[in-house]
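Student: Take a look and give me a structure for this.
(one chain, ligands or ions: 1)
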Amino acid sequence: MTHATQGRQLRPSGKLLQEDARRHHRALLLQRLFRDGAASRADLARTTGLTRVTVSDLIAELMTEGLVTELGAPAEARVGKPPMLVGIANQAAHVVALDLSPDDRVSGALVDLSGTVVTRDDRPLDSRVGADATALVRSLVDDLVAAATVPVLGVGIGSPGVVDALGAVLEAPNLGWEAEPLAADLGERTGLPVHVANDANAAALGEHTFGGAEGGGLMVLRVGTGVGAGLILEGTLLHGHRAAAGEIGHVVVDPSGQPCACGRRGCLETLLAVPHLRRRLAEAESDARRERRVLESTGRRLGAALAPVVATLNLHELVLSGPPELLDGPLRSAVETTIHARTMPVTADELRVRTSTLGDDVVLAGATVLVLAGVLGVS
Ligand SMILES: [Zn+2]
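Tutor: Numbering: from 1, shown residues only. The predicted structure is shown next:
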């Protein structure tokens, strides 16, 4: 940080303060329209506390940019001149969203401002790692940007591994990446804002914004080739001291369990990661009662591992994200029962344990939120 920048932050001039305030008010209006839907200018002034003049001025600016549009008058208006509603123009811009979490492909999409996928593009990974994997991601981003028929707001990416605040992927063994400067590389290439997050963190953002999360603390547990979690507390994604918050997959839950790729024994992943769980179900030889016992015992172990976390953070929702045929049933029930048995009523009474409503698109949804939050200030 240069001295000049520091000085600016410490002693902002009147002009900069005005610009800051304008940007803040603009984000406030967008957030209000984004979360609660269309509203009249008078309603916006009332619910945001901004003056009518400020609201009209900013809405005019957002309409010029195409982000906001007039939607007509509400049907229920009966007396006098009906107020004109304004709302987000969902089709006015697209986000390029990527999900790099599947172990066999890179998934991309153009997503509109309502979180709806407009175009999909998947490329097989074919065991590419390192620079070859990066090249595949670059070509997918290039093609999606080229396919957009409206302006692209930015590029959002959910990647496996630990991702730092600058959007570098510090370590993703499956892609052979170490300190891969993904955001900087793609930003320079496309000229667009690029936001990268760990896939479980992206999933948590997707669930929070587009998956019907109810507010209060949220944990999204991603169960795939690995196991990881994303946490949203007080409306904010939790990063942790070294950007590794939610890395629960290699916590030992059974010291005498199976050896794990990390060198320990009995990590949560050795029980719960999809390949391990499928293998243990296959050992039940299609005996429905034995299969049920495998899912229940896995759910009990998972519940025991999560109960202290749920209690410590007083979470409201625990969302299991992964194959529903594995997660939604005896496993989910056992997680819920175990957490209830191991925590106080104040912890468990209002806890919701459910599966994701967004299915396989949860990371794409979260990648979209990264851009909406980073560029428009809404989430
Ligand atoms: Zn491990």
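Student: Can I take it that residue 228 is in a strand?
Tutor: Yes - judged by DSSP: H, G, I helix; E, B strand; the rest coil, residue 228 forms part of a strand.
Student: residues contacting it?
Tutor: Residue 228 is in contact with 198, 199, 200, 221, 222, 246, 247, 248, 249, counting by Cβ atoms under 8 Å, 6 or more residues apart in numbering. Quick note: C-beta positions are derived from backbone N, CA and C, even for glycine.
Student: The one residue in the stretch 1-150 of the chain that gets nearest to the ion: what secondary structure?
Tutor: Residue of the stretch 1-150 of the chain nearest the ion, by Cβ to the ion: residue 103 (16.6 Å). Put simply, residue 103 is coil when judged by three-state DSSP.
Student: so what pLDDT did residue 114 get?
Tutor: For residue 114, the pLDDT comes out at 91.
Student: Report whether the expected contact of it with residue 90 is present.
Tutor: Yes - between residue 114 and residue 90 there is a contact under Cβ atoms under 8 Å: 4.2 Å.
Student: Settle it for me: which of the two has more neighbours?
Tutor: residue 90 (14 against 11; other Cβ atoms under 10 Å).
Student: Could you check how many residues crowd around the residue of the stretch 1-150 of the chain closest to the ion?
Tutor: 15.
Student: likewise residue 71?
Tutor: 15.
Student: Now do the contacts for it.
Tutor: 38, 84, 85, 86, 87.
Student: one more time with 10 Å
Tutor: By Cβ atoms under 10 Å, 6 or more residues apart in numbering, the contact set of residue 71 is 37, 38, 39, 84, 85, 86, 87, 88, 89.
Student: what's the answer for residue 362, then?
Tutor: Contacts for residue 362 (Cβ under 10 Å, 6+ apart) come out as 99, 101, 158, 199-200, 202-207, 210-211, 220, 222, 230, 319, 321-322, 356.
Student: sec struct for it, please.
Tutor: helix.
Student: Any regions of the protein where pLDDT drops low?
Tutor: Along the chain, segments meeting pLDDT under 70 span 1-13, 75-79.
Student: how close does residue 333 get to residue 320?
Tutor: 11 Å (Cβ to Cβ, to the nearest Å).
Student: residues shared between the contacts of those two?
Tutor: 299, 353.
Student: And the residue of the stretch 51-200 of the chain that's closest to the ion?
Tutor: Closest point on the stretch 51-200 of the chain to the ion, by Cβ to the ion, is residue 173, at 12.0 Å.
Student: Can you tell me, leaving aside adjacent residues, what's nearest to that residue?
Tutor: residue 161 (7.5 Å; Cβ to Cβ, 6 or more residues apart in numbering).
Student: Can you give me every residue that contacts that neighbour?
Tutor: 100-101, 168-175, 177-178, 180, 198-199, 226, 228, 244, 247.
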